[in-house]
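>>> quick one, structure for this:
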Amino acid sequence: MLKKKTHIDLYLLLMLLFAINLSANTIQHCDSLIKKGVDAMWKKEHVKSLELLTEARNLAEKNHWHEQVFLATNNIGANYFTMLDYGEALNYYLESYTIAVKELDPQHEMVVLNNIAIIYTKEKNFEKAEEYFKKAYKIAKEKKDSLKIGLYAMNLGGVANETNRLEEAKNYIMESIPLLKQESHLLVLAEICLAENELLKGHTTLAREKAQELYRSTNNLDYNDTGISLMLIIVKSYLKEEKYTQAIIAANKILAGNPNLENKKTVYTLLANIYYKDKVYDKALQYKDSVLWAEVQLNDIKNGKLLETSKVKFEIQDYKNQIALNQEKLNTERKTFYSIIASIVALVIILVLILRNRSVKLMQKKLLAERNEKAIALELEQEKNENLLLEKQIQDKENKAKLEQERLKNEIESRNRELSAKALYLSQRNTILEDILTSLGKVPELSKNEALAGHIKTLKSHLKDENEWENFLTHFEEVNQGYITRLKTIHPSLNANDVRFICYVYMNLSTKEIASMLNITVEACRKRKERIAAKLELPDSSHLYSYLYTV
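Coordinates of the predicted model:
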């Protein structure tokens, strides 16, 4: 009776283990993990979301569930997009695209193509954005998906607006409008693109009237910053018509709604431009300062996001390590379980042999041998676990070192951004002041006043003071840890003007910005860049920034 009960208990244990493994490896369980991961992402719980999606992805890859692999990978990319880590997001979106092309249908393919295009739009790489929007648009045409055709046509119209291909943009927008009538929030976005198109063509009154009508008739002005986009069109139309008072009123209306920092920066820039053209220079300078403040705040937010992303990556790596350890532990437990089953079977055989042969001595020898084997196995297992723990500790130290390197890199980049912003601001401020002094010097009544003319001349000489450049050079050398010293050691032929130009290139300023700071034309700036590239023995000027970054 006891023997029969033992067999029943063993059978139930095996069935329970099988049921647990089966439930943990179903496609429904994988879908549940993805859903929970997406919900956590919308709640901005990115670490939790990435853990769930990573677990789902590993399970899907193990079982070759291609759609689940695609969904998990695409939503991992969406997490990094939300955290402003566009490079990491793009990597996962491209991986999703490869899965969609190889294993799934075009419906999945065009979704991720649109995601990739949006990232390139955020990065202002409109050529790449248009390439991927067109791929998605072509697939939507082949699938005859009206809503998606309208959406992608609208996006292509927006890119064409940005690249000043206005007739092409209008064709795309007009194609999208009838297809988006069932989705009112998307239809408003298409109408906004059309109003922007009219504004870019110089039809300011038509663009403004259309924007004002949309502003009055749209129910949800907060969706995708719809209200702000419409008000910006109104401000720009008044500015083009030189109706500065109306433009200022419309701009202040945007600020009254407490927009986000990026929109504030845009409005501050417009107000600085309006006041400058209206010759209210003190107000222009004030809003230039506001633009600089917004830029610094945005840099702080972006740096915080980058640090948060680095922490998330570290925690996800730690989570992956934990999964590996848990898998190893599970394998160990399974081996132990199977070893126990094998031992029970061996014991039953031994008992049968004992009953049959009545050989107590043989039974004792076998039991002793089994104990020795278990002791050796236990020692080996303990040693293995100690090795795993040691490997984990080493991995943790490496991850902490990588995180520290990333933090230091972000800190240097942040300080360089602040330095470039300050230098650009000082250059623009001096330009404005010099324009004002020049205008004052041309007034006949003032030029006759010798004392005032002398003061103007003194102010102009102060504007040409090189102390600011020396201070900038000192701060640049401190931030970049002796970069200029290293550069001069490698290239002693570089003069002071070359070094100044190289500093601005190293800080990743655009050609237009460098030309503004050096008070030269853009074409002269390009020629200087080519001359310095030749002096550094580079193939052409396009390699200058990548070379300087390696010094």
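
>>> all strands for the chain, in order.
In order along the chain, the chain carries no strands (DSSP state E).

>>> how confident was the prediction at F133?
As predicted, F133 sits at a pLDDT of 90.

>>> same deal with L14?
At L14, the pLDDT recorded in the model is 45.

>>> try A272
Looking at A272, its pLDDT stands at 90.

>>> for the nearest residue to it once chain neighbours are set aside, give me its contacts.
Nearest residue to A272, sequence neighbours excluded (CB to CB, 6 or more residues apart in numbering): Y287, at 3.8 Å. From N, CA and C alone the C-beta is placed, and that goes for glycine too. If you count contacts by CB atoms under 8 Å, 6 or more residues apart in numbering, Y287 has them with Y268, T269, L271, A272, Y275.

>>> chain neighbours aside, what residue packs nearest to the second one?
The shortest distance from T269 to any residue that is not its chain neighbour, by CB to CB, 6+ apart, is 5.3 Å, and that residue is V291.

>>> what pLDDT does the one you found get?
Predicted confidence (pLDDT) for V291: 80.

>>> that one touches Y268, doesn't it?
Yes. V291 lies in contact with Y268 (CB atoms under 8 Å); the separation is 4.6 Å.

>>> find residues that contact each of these two.
With CB under 8 Å, 6+ apart, V291 and Y268 have no common neighbours.

>>> tell me if I'm right that L494 and K535 touch.
Yes. Applying CB under 8 Å, one finds L494 in contact with K535, separated by 6.9 Å.

>>> neighbour count winner among those two?
Taking other CB atoms under 10 Å, L494 and K535 do not tie; L494 has more neighbours (17 against 13).

>>> what comes up buried for stretch 176-189?
Applying a neighbour-count criterion of 16 or more other CB atoms under 10 Å, the buried positions in stretch 176-189 are S176, I177, L179, L180, L186, L187, V188, L189.

>>> for stretch 67-82, same thing?
Under 16+ other CB under 10 Å, the buried positions of stretch 67-82 are 67-81.

>>> one more: stretch 543-551?
Applying 16+ other CB under 10 Å to stretch 543-551 flags L544, L548 as buried.

>>> can you list contacts of it?
For stretch 543-551, using CB under 8 Å, 6+ apart, the contacting residues are 483, 486-487, 490, 502, 505-506, 508, 529, 532-533, 536, 538.

>>> mind checking which of the residues you listed are buried?
When the contacts of stretch 543-551 are checked for burial by 16+ other CB under 10 Å, the buried set is Y483, L487, I502, V505, Y506, K529, I532, A533, L536, L538.

>>> from those residues, which is closest to E477?
Comparing the buried ones among the contacts of stretch 543-551 against E477 with CB to CB places Y483 closest, at 6.7 Å.

>>> wait, that closest one sits on H475?
No. Y483 lies out of contact with H475 (CB under 8 Å); the separation is 11.9 Å.

>>> mind listing what H185 touches?
Here H185 is in contact with N220, Y223, N224, T226 (CB under 8 Å, 6+ apart).

>>> check T121 too.
The contact partners of T121, by CB under 8 Å, 6+ apart, come to A129, N155, G158, V159.

>>> for it, give its distance to L487.
Counting by CB to CB, to the nearest Å, the gap from T121 to L487 is 36 Å.

>>> please name the residues that touch A524.
A515.

>>> and it, what pLDDT?
92.

>>> gap between it and I514?
Distance from A524 to I514, by CB to CB: 10 Å.

>>> one more: S343?
In terms of CB to CB, S343 sits 78 Å off from I514.

>>> distance from the chain centre to stretch 502-516, please.
When distances are taken as CA atoms, centre = their mean, to the nearest Å, stretch 502-516 is centred 23 Å away from the chain's centroid.

>>> ranking helices and strands of the chain by mean pLDDT, which lands last?
helix 2-23 (a mean of 44; mean pLDDT, DSSP states H and E).

>>> ok, for F81, nearest residue in space, not its chain neighbours?
F81 sits nearest to A89 (CB to CB, 6+ apart), 4.0 Å away.

>>> what segments of the stretch 1-150 of the chain are helices?
2-23, 27-42, 46-63, 66-82, 86-103, 106-122, 126-143, 146-162 (DSSP state H, counting those that start in this stretch).

>>> these: lowest mean pLDDT?
Of all these, helix 2-23 has the smallest average pLDDT, which comes to a mean of 44.

>>> residue ranges in the stretch 251-400 of the chain under the pLDDT threshold?
298, 300-334, 337-338 (pLDDT under 70).

>>> just the helices in it please.
Using DSSP H, counting those that start in this stretch, helices in the stretch 251-400 of the chain cover 261-277, 281-357, 360-441.

>>> coming back round to it: which of the contacts of T121 lies closest to N263?
G158 (17.1 Å).

>>> I'd guessed that closest one sits against C193; true?
Yes. Look at G158 against C193 with CB under 8 Å: they come within range, at 5.3 Å.

>>> any residues in contact with both of those two?
With CB under 8 Å, 6+ apart as the test, G158 and C193 both reach A169.

>>> please tell me how far the residue of the chain most remote from its centre sits from V348.
Computed with CA atoms, centre = their mean, the residue of the chain farthest from its C-alpha average is R358, at 76.6 Å. For R358, the distance to V348 equals 17 Å [CB to CB].

>>> what's the answer for I248, then?
Taken as CB to CB, the span from I248 to V348 is 94 Å.

>>> for E162, same thing?
Note on E162: its distance to V348, by CB to CB, is 79 Å.

>>> if you count what's nearby, which of those two comes out ahead?
E162 (16 against 13).

>>> for the closest residue to the more buried one other than its chain neighbours, give me its contacts.
Spatial nearest neighbour of E162, chain neighbours left out: F126 (5.3 Å); criterion: CB to CB, 6+ apart. Applying CB under 8 Å, 6+ apart to F126 gives the contacts Y120, V159, E162, T163.
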